[in-house]
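Engineer: What shape does this take:
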Amino acid sequence: MTATAIDKHHHHQGVLAPALVGIGLSVLTVPAHLFLPRDASIDLAAVTVAVIGAIYLGFAIQAGSVRQIAVEAVVAVLFLGAALAGLWWSPWVVPAAYAGHGVWDWLHHGRGHSRDLVAVKSWYPPFCAAYDWIFALGLAAIWLL
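Structural biologist: The predicted model follows:
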């Protein structure tokens with residue numbers, strides 16, 4: 001194997017394993033919403049998406065620049081707004097917010113897109129993105145039942 005092929009192999013391993021763990025945890029946790037009354041499911045999912053929307057703000061406060069803290073704070077407020085919209089306007093905003101958070105996770109992967117995003121452990125974005133995307137699909141499927 002060439003050095004480039006080895007690097008690609010390690011990169012894919014570094015993405016695949018955390019993503020599989022995220023998928024597995026999502027598959028284990030989303031079924032809890034089958035046993036909750038619909039309003040409780042919406043409330044729990046909305047509160048949770050507001051909390052996960054602030055995860056990167058916590059990382060930025062811990063180790064980021066002032067600019068990174070500002071960027072992550074704005075995004076955290078947007079996820080809080082999405083959670084509130086899910087509670088007050090349409091619950092379908094909540095699974096969309098989970099899917100959107102998966103995109104936000106992926107933008108942090110390698111930070112190749114912007115140095116305005118806080119650096120995190122390389123395993124975290126693929127883990128969280130996979131969790132968020134599967135959770136969004138599962139939640140939507142349950143709410144359609």
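
Engineer: ok, and the closest non-adjacent residue to Val27?
Structural biologist: Ile134 (6.6 Å; Cβ to Cβ, 6 or more residues apart in numbering). No exception for glycine: its C-beta is placed from N, CA and C like everyone else's.

Engineer: Run a quick neighbour tally on the one you found.
Structural biologist: 21 (other Cβ atoms under 10 Å).

Engineer: Next up, the contacts around it.
Structural biologist: 22-23, 26-27, 30 (Cβ atoms under 8 Å, 6 or more residues apart in numbering).

Engineer: tell me which helix or strand of the protein sits lowest on mean pLDDT?
Structural biologist: helix 3-29 (a mean of 76; mean pLDDT, DSSP states H and E).

Engineer: Can you name the next helix or strand after it?
Structural biologist: Per DSSP states H and E, the first helix or strand lying C-terminal to helix 3-29 is helix 38-52.

Engineer: My guess is Asp116 contacts Gln68. True?
Structural biologist: Yes - contact criterion Cβ atoms under 8 Å: Asp116 and Gln68 qualify, at 6.3 Å.

Engineer: Just want to know which of these two has more residues nearby.
Structural biologist: More crowded of Asp116 and Gln68, by other Cβ under 10 Å: Gln68, with 22 against 13.

Engineer: Now the more buried one: phi and psi?
Structural biologist: phi -60, psi -40 (degrees, to the nearest 10).

Engineer: Just the CA trace of stretch 108-124, in CSV.
Structural biologist: Output in CSV follows, covering the C-alpha atoms of stretch 108-124 (Å, rounded to 0.1, in the frame of the first residue of the first chain):
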residue,chain,number,x,y,z
HIS,A,108,-16.4,20.7,12.2
HIS,A,109,-14.8,17.5,10.8
GLY,A,110,-11.3,18.5,10.0
ARG,A,111,-12.3,22.2,10.1
GLY,A,112,-11.2,22.4,6.5
HIS,A,113,-14.1,24.8,5.9
SER,A,114,-13.3,27.5,8.4
ARG,A,115,-11.0,28.3,11.2
ASP,A,116,-14.0,30.1,12.8
LEU,A,117,-15.2,26.7,14.0
VAL,A,118,-13.8,25.3,17.2
ALA,A,119,-11.5,22.3,17.0
VAL,A,120,-12.8,19.1,18.5
LYS,A,121,-11.5,15.5,18.7
SER,A,122,-11.5,14.0,15.2
TRP,A,123,-13.9,11.2,16.2
TYR,A,124,-16.6,13.5,17.6
